[in-house]
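**Student:** What follows is a protein structure lacking sequence information:
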Ligand SMILES: O=P(O)(O)OC[C@H]1O[C@](O)(CO)[C@@H](O)[C@@H]1O
Ligand SMILES: [Fe+2]
């Protein structure tokens, strides 16, 4: 058996990126239609700054083998649409039993998580905070600060992402908005449609064959 060579990657915190990465992507405002409560404010922002970068990801995928790890850096710009802070698309892992680790590098963020039956949890992330996202939780990062939010992430190579789970329910159950006092607060998403018992059971079956 041939074993692989180690890889080292430096995290450039001020630039919010992973050096020696194998891949990268950028999400601009215009790519994120339908995510925010205030669709009129969103349309106005897009008319003015469609190309504004909301977040970008630089990552390293050493192999495509199950059992391996994907790791990288997410950098999120500060900003709001109406009173709602900038967010990532959010997803559950396609193999829903796969967890994820986020490690804050700079800025102020919130990891918003939702269980299949619609419970939510919020974890504040700043430099040196580790957030463990357990299996079966939908997760979305939110930049609640005035500066870039930079986080390192690590998750299993075979996890995959299901983005549609959020759209199917009319969004995540809650939204993270400005509290008007320099902080954030969690409010109900009035468009949210709870999952049926059948949909919930289906999520718990989305695991790797054992
Ligand atoms: O994939 P999304 O929901 O757009 O959010 C990006 C973040 O999630 C990840 O896909 C990892 O789960 C990373 O690429 C990044 O941290
Ligand atoms: Fe994930």
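**Tutor:** Received it, and whenever you're ready, just let me know what you need. The structure presented is a predicted model; accordingly, all values stated were derived computationally and were not measured. Numbering: from 1, shown residues only. Ligands and ions are numbered 1, 2, ... in the order given.
**Student:** does residue 127 really touch residue 103, like I thought?
**Tutor:** No: with contact defined as C-beta atoms under 8 Å, residue 127 does not reach residue 103; the gap is 9.3 Å. Where C-beta positions appear, they are placed from N, C-alpha and C, glycine not excepted.
**Student:** what about these two, which has more around it?
**Tutor:** Looking at residue 127 and residue 103 with other C-beta atoms under 10 Å, you find the greater number of neighbours at residue 103, namely 18 against 13.
**Student:** Now do the more buried one against ligand 1, distance only.
**Tutor:** When distance is defined by C-beta to the nearest ligand atom, to the nearest Å, residue 103 is 11 Å away from ligand 1.
**Student:** what's the answer for residue 190, then?
**Tutor:** Residue 190 is 22 Å from ligand 1, where distance means C-beta to the nearest ligand atom.
**Student:** Next up, the contacts around that residue.
**Tutor:** By C-beta atoms under 8 Å, 6 or more residues apart in numbering, residue 190 lies in contact with residue 37.
**Student:** ditto for residue 67
**Tutor:** By C-beta under 8 Å, 6+ apart, the contact set of residue 67 is 156, 157, 158.
**Student:** And for residue 132?
**Tutor:** Applying C-beta under 8 Å, 6+ apart to residue 132 gives the contacts 99, 100, 101.
**Student:** Which of the contacts of residue 67 fall in strands?
**Tutor:** Among the contacts of residue 67, the members falling in strands (DSSP state E) are residue 156.
**Student:** Now a ChimeraX select for only the buried ones of the contacts of residue 67.
**Tutor:** Of the contacts of residue 67, the buried ones go into a single ChimeraX selection, burial set by 16 or more other C-beta atoms under 10 Å:
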select :156,157,158
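**Student:** Ligand 1 contacts on this protein?
**Tutor:** Residues of the chain lying close to ligand 1 (C-beta under 6 Å from any ligand atom) are 57, 74, 88, 89, 90, 91, 100, 153, 155, 161.
**Student:** picking up where we left off before, top of the contacts of residue 132 by neighbour count?
**Tutor:** residue 100 (19 neighbours).
**Student:** these two touch, right, it and residue 133?
**Tutor:** Yes: checked against C-beta under 8 Å, the pair residue 100 and residue 133 is within contact range at 4.4 Å.
**Student:** Please, where are all the helices along this structure?
**Tutor:** Counting by DSSP state H, one finds helices in the chain at the ranges 39-49, 164-168, 197-204.
**Student:** For my notes, please list these in JSON lines and give mean pLDDT for each entry.
**Tutor:** JSON lines is the format used below for those (pLDDT from 0 to 100):
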{"stretch": "helix 39-49", "mean pLDDT": "97"}
{"stretch": "helix 164-168", "mean pLDDT": "97"}
{"stretch": "helix 197-204", "mean pLDDT": "96"}
